[in-house]
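**Q** Coordinates for the following, if possible.
(chains A, B, C, D, E, F, G, H, I, J, K and L)
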Protein chains: 12
Amino acid sequence: MSDHVYKKVELVGSSKTSIEDAIETALAKAHKSLKHIDWFEVQETRGHVVDGKVGHYQVVLKVGFRLE
Amino acid sequence: MSDHVYKKVELVGSSKTSIEDAIETALAKAHKSLKHIDWFEVQETRGHVVDGKVGHYQVVLKVGFRLE
Amino acid sequence: MSDHVYKKVELVGSSKTSIEDAIETALAKAHKSLKHIDWFEVQETRGHVVDGKVGHYQVVLKVGFRLE
Amino acid sequence: MSDHVYKKVELVGSSKTSIEDAIETALAKAHKSLKHIDWFEVQETRGHVVDGKVGHYQVVLKVGFRLE
Amino acid sequence: MSDHVYKKVELVGSSKTSIEDAIETALAKAHKSLKHIDWFEVQETRGHVVDGKVGHYQVVLKVGFRLE
Amino acid sequence: MSDHVYKKVELVGSSKTSIEDAIETALAKAHKSLKHIDWFEVQETRGHVVDGKVGHYQVVLKVGFRLE
Amino acid sequence: MSDHVYKKVELVGSSKTSIEDAIETALAKAHKSLKHIDWFEVQETRGHVVDGKVGHYQVVLKVGFRLE
Amino acid sequence: MSDHVYKKVELVGSSKTSIEDAIETALAKAHKSLKHIDWFEVQETRGHVVDGKVGHYQVVLKVGFRLE
Amino acid sequence: MSDHVYKKVELVGSSKTSIEDAIETALAKAHKSLKHIDWFEVQETRGHVVDGKVGHYQVVLKVGFRLE
Amino acid sequence: MSDHVYKKVELVGSSKTSIEDAIETALAKAHKSLKHIDWFEVQETRGHVVDGKVGHYQVVLKVGFRLE
Amino acid sequence: MSDHVYKKVELVGSSKTSIEDAIETALAKAHKSLKHIDWFEVQETRGHVVDGKVGHYQVVLKVGFRLE
Amino acid sequence: MSDHVYKKVELVGSSKTSIEDAIETALAKAHKSLKHIDWFEVQETRGHVVDGKVGHYQVVLKVGFRLE
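**A** Got it, this is the predicted structure:
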């Protein structure tokens, strides 16, 4: 990595099923426009509630990718 | 939401199976006494360990609901 | 717990499948050398990305155990 | 204050006009059910956006009041 | 603790004598209305000053109790 | 919001008149190039001082918008 | 600014009318004894409550000024 | 407090006997040069260790006083 | 200290009587296996509650010692 | 700066030689695509280790630039 | 240190060459008016950018000195 | 890294010359007893002051290494 420069962007992914799936949702979206995505860092985990149950999870994450 | 006021309370849910299930446990309990629960925010994730395995997950979360 | 002293160590567990599994991986490793592990606290959740998907989760956690 | 005990509750007030008004909205609501409110502490300031303008401010605040 | 749900409330206890006594003051008050108080966590320690001496300590703490 | 992905960008708006106006300045600028702006979160409030008065407010905020 | 050294002091300004006015109150006071005040940073926003309304705002701010 | 401006300074008091005594030590010192000291806020509690025992406590605190 | 390297370990001491005693309990334990303990830093203060009173204090602290 | 809006992006620069050089590496990269870069803020300093020595430093920084 | 009281002040030093030099610049300035300076703690590292290069580093530090 | 478990330990390195050298001092010490050191994270940068100059830098860092 010695000469590389990376950028981090902050995304919010959501999912009705799990925290992991919300992360994958955000990564899949990022993958459409960004090359060289290398890592993610979860910032916050939250969600909406419907009738006393999780309606969907919302995971705020930073996604790091190498700049060309 | 323009005139509404929301309140947040802090709960700890637990589960033997997963982080998501611990969140659901807390929400189900809150749902019994609170109307209009709208969102949650995870504050901490921790748990007890038994014989080198997770005995149960404990998730500290804030639960937001609209005041009538 | 009144006269006990506990120690916390910081570990990073990883897993290709889930956050919970990464926690279990770290606990299983700690269990090999530490007796009396009592609780864990998640510090950070992050991971590596391969082809726009989670390659593996990395969970940084503190593990607390009683000193004899 | 020497023998008093205070409690803090966390509220979210909202307003279309200003941060100060969102604080007043939350305090007015709290005042209906709580006596002896003494102070507030702003935790977060945020808001919804409509057509590139602030739709309403949302101020998360802790409200402290003396227990009888 | 596996199926239990806990709630945390935030209190401020005060005392003219010590930090420990301010904690006990808050717990004694909470004990009057809450059953099953299980733990506390100190959030802030502060106090008022009179003539260059501590007039009283104020300890902000979270008190955790099991919901029935 | 169940399948949506949001992005947050960090902006600094400024204004000679008020904190609210500095927020609006940043949102107006963001609105020129970003569609679907949904919320903002204030990160820091600061400003420059001229002759012992506020020269202008600078509000650092995160702006969240839905990715198409 | 290359050779300059700045100092920051922490002040609390108050106002019955607004957050901005509380900031100006603190700056006006600081201006009486400090030359070269250059910027401020808001640390906390809080206030006293009287009859369910804001009695006065209290804004904790750091004020930066150049040392001669 | 409506028109007052307060200043906070950061001090470190020490004591061989207790945390409370370290706070009193710092306040007594501050009282020699500052009028109108009104409150303190503990920032950190630490200390030196001699032969496996506390040699002295060091308490970092902010002291707030009214400017004339 | 110019060539020395120090290590910090995180311990939790407990006591039925006071915060200071919980610190001493942790230091006494650490002293049995570590030479050259030099300082401690309190990270958290918490405790268990029994019948509305402090059952025991738990103080999380970092203990710093010189490596030989 | 009164009417300007700034944006902050988060970058990670690396260098085999020093923290300062890692900052310059990130700025040089940013300079290729962004005009009007005005300031940076270091967020984290870390690095990779090879054979008990720093292999390269990694500095996470925010870079602020004026939007046209 | 048992009976001493220390004060911390917050300074910003700057330098065109390095972070270390910015620290020295602030200390040299403080040394002109303060006796018994004993330690410093870096709070933030930032800087201005000119033509895609560091124009000067700005290091915010707390400086601790013993009160007589 | 998929099945690996890492541990982080917290060290304080010191140096009379630079921040980088203080980091290297800590890593060199750690390298004597730990295999597989992989990364470090700077936690705090501070130092002692002698005659208004840096006597030595003290860098608190976490060192991560793979457990076998």
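
**Q** mind listing what the most far-flung residue of chain A relative to its centre touches?
**A** Going by CA atoms, centre = their mean, the residue of chain A most distant from its centre is A:D51, 26.2 Å out. A:D51 makes contact with B:H31, according to CB atoms under 8 Å, 6 or more residues apart in numbering or on different chains. For glycine as for every other residue, the C-beta is placed from the backbone atoms N, C-alpha and C.

**Q** And the pLDDT at it?
**A** If you check A:D51, the pLDDT there is 97.

**Q** now do the one 3 residues further on
**A** Turning to A:V54, the model gives it a pLDDT of 98.

**Q** Which secondary structure state does it sit in?
**A** Judged by DSSP: H, G, I helix; E, B strand; the rest coil, the three-state class of A:V54 is strand.

**Q** What sits closest to it if chain neighbours are left out?
**A** Computed as CB to CB, 6 or more residues apart in numbering or on different chains, the closest residue to A:V54 that is not its neighbour in sequence is A:G47, at 5.2 Å.

**Q** give the contact list for the residue of chain A found nearest chain D.
**A** Residue nearest to chain D within chain A: A:E44 (12.0 Å; CB to the nearest CB). If a contact means CB under 8 Å, 6+ apart, then A:E44 has A:59-60, B:41-42 as its contacts.

**Q** Would you double-check that A:Y57 falls in a strand?
**A** Yes. Assignment of A:Y57 by three-state DSSP places it within a strand.

**Q** Hmm, it is touching A:G47, no?
**A** Yes. Taking CB atoms under 8 Å as the definition, A:Y57 is a contact partner of A:G47 at 4.4 Å.

**Q** okay, and the common contacts of those two?
**A** Joint contacts of A:Y57 and A:G47 (CB under 8 Å, 6+ apart) are A:S14.

**Q** Please enumerate the helices of chain A.
**A** Here chain A has its helices, by DSSP state H, at A:19-33.

**Q** what about it, any weak spots by pLDDT?
**A** Residue ranges of chain A with pLDDT under 70: A:1-2.

**Q** closest point of it to chain B, which residue?
**A** For chain A, CB to the nearest CB, closest residue to chain B: A:G52, 2.7 Å.

**Q** That residue is in contact with B:K35, isn't it?
**A** No. In this structure, A:G52 is not within contact of B:K35 by CB under 8 Å, at 9.8 Å.

**Q** Just give the number of residues close to the residue nearest to A:V54.
**A** Other residues lying near A:G47 total 26 when counted by other CB atoms under 10 Å in any protein chain shown.

**Q** A:I19: neighbouring residues, count only.
**A** 26.

**Q** contacting residues for it?
**A** Counting by CB under 8 Å, 6+ apart, A:I19 makes contact with A:45, A:57, A:59, B:19-20, C:19.

**Q** so how far is A:L11 from it?
**A** Per CB to CB, to the nearest Å, A:I19 is found 14 Å from A:L11.

**Q** Could you do A:L61 as well?
**A** A:L61 is 6 Å from A:L11, by CB to CB.

**Q** residues shared between the contacts of these two?
**A** Common neighbours of A:L61 and A:L11 (criterion: CB under 8 Å, 6+ apart): A:A26.

**Q** what's the nearest residue to A:A28 once chain neighbours are set aside in contact with, if anything?
**A** In space, and not counting its chain neighbours, A:A28 is closest to C:G52: 5.8 Å by CB to CB, 6+ apart. Neighbouring residues of C:G52 by CB under 8 Å, 6+ apart: A:27-28, A:30-31, A:37.

**Q** Name the nearest of the residues you listed relative to chain K.
**A** Nearest to chain K among the contacts of C:G52, counting by CB to the nearest CB, is A:I37 at 25.4 Å.

**Q** So which bits of chain A are right by chain J?
**A** A:1-9, A:62, A:64, A:67 (CB under 8 Å from any CB of the partner chain).

**Q** One more pass at 7 Å, please.
**A** Proximity of chain A to chain J (CB under 7 Å from any CB of the partner chain) is limited to residues A:1-8, A:64, A:67.

**Q** A:G64 is in contact with A:A30, isn't it?
**A** No. Using CB atoms under 7 Å, A:G64 is not in contact with A:A30, being 10.3 Å away.

**Q** Tell me the bridge partners for the closest residue to chain G within chain A.
**A** Closest residue of chain A to chain G, CB to the nearest CB: A:E44 (21.6 Å). According to DSSP bridges, the partner residues bridging A:E44 are A:V60.

**Q** What about the contacts of C:G52, which one has the most neighbours?
**A** A:L27 (24 neighbours).

**Q** Quick check: the residue nearest to A:A28 vs A:K7, distance?
**A** Using CB to CB, C:G52 is found at 16 Å from A:K7.

**Q** One more: A:K32?
**A** 16 Å.

**Q** Comparing the two, which residue is more hemmed in?
**A** The neighbour comparison of A:K32 against A:K7 (other CB under 10 Å) goes to A:K7, with 19 against 9.

**Q** residues touching that one, list them.
**A** A:65, A:67, J:9-11 (CB atoms under 7 Å, 6 or more residues apart in numbering or on different chains).

**Q** out of these, which is most surrounded?
**A** Busiest of the contacts of A:K7 [other CB under 10 Å] is J:L11, holding 23 neighbours.

**Q** Go ahead and confirm that one touches A:V9.
**A** No. When contacts are counted by CB under 7 Å, J:L11 is not listed as touching A:V9 (10.8 Å).

**Q** so A:V60 touches A:F40, yeah?
**A** No. In this structure A:V60 lies outside contact range of A:F40 using CB under 7 Å: 10.6 Å.

**Q** Of the two, give the one with the bigger neighbour count.
**A** Higher neighbour count among A:V60 and A:F40: A:F40, with 27 against 20, using other CB under 10 Å.

**Q** Next up, the contacts around that one.
**A** A:23, A:27, A:61-63, C:46-47, C:49 are the contacts of A:F40 under CB under 7 Å, 6+ apart.

**Q** Save those as CSV, and put in distance to K:S15 too.
**A** Formatted as CSV, those follow (distance: CB to CB, whole Å):
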residue, distance to K:S15
A:I23, 41
A:L27, 41
A:L61, 36
A:K62, 30
A:V63, 34
C:R46, 34
C:G47, 38
C:V49, 38
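
**Q** Of those, which is the most crowded?
**A** Most neighbours among those, by other CB under 10 Å: A:I23, with 28 neighbours.

**Q** Please list all residues in contact with that residue.
**A** Contacts of A:I23 by CB under 7 Å, 6+ apart are A:13, A:40, A:59, A:61, C:54.

**Q** and A:V42, how many neighbours does it have?
**A** 21.

**Q** what's around the closest residue to it other than its chain neighbours, how many residues?
**A** Closest residue to A:V42 apart from its sequence neighbours, by CB to CB, 6+ apart: C:T45 at 4.1 Å. Look at C:T45: counted by other CB under 10 Å, it has 25 neighbours.

**Q** Can you name the residues that contact C:T45?
**A** A:42, C:19, C:57, C:59 are the contacts of C:T45 under CB under 7 Å, 6+ apart.

**Q** ok, 8 Å please
**A** A:41-42, C:19, C:57-60.

**Q** again with A:S14
**A** Going by CB under 8 Å, 6+ apart, the list of residues near A:S14 reads A:22, A:25, A:47, A:56-59, F:1-5.
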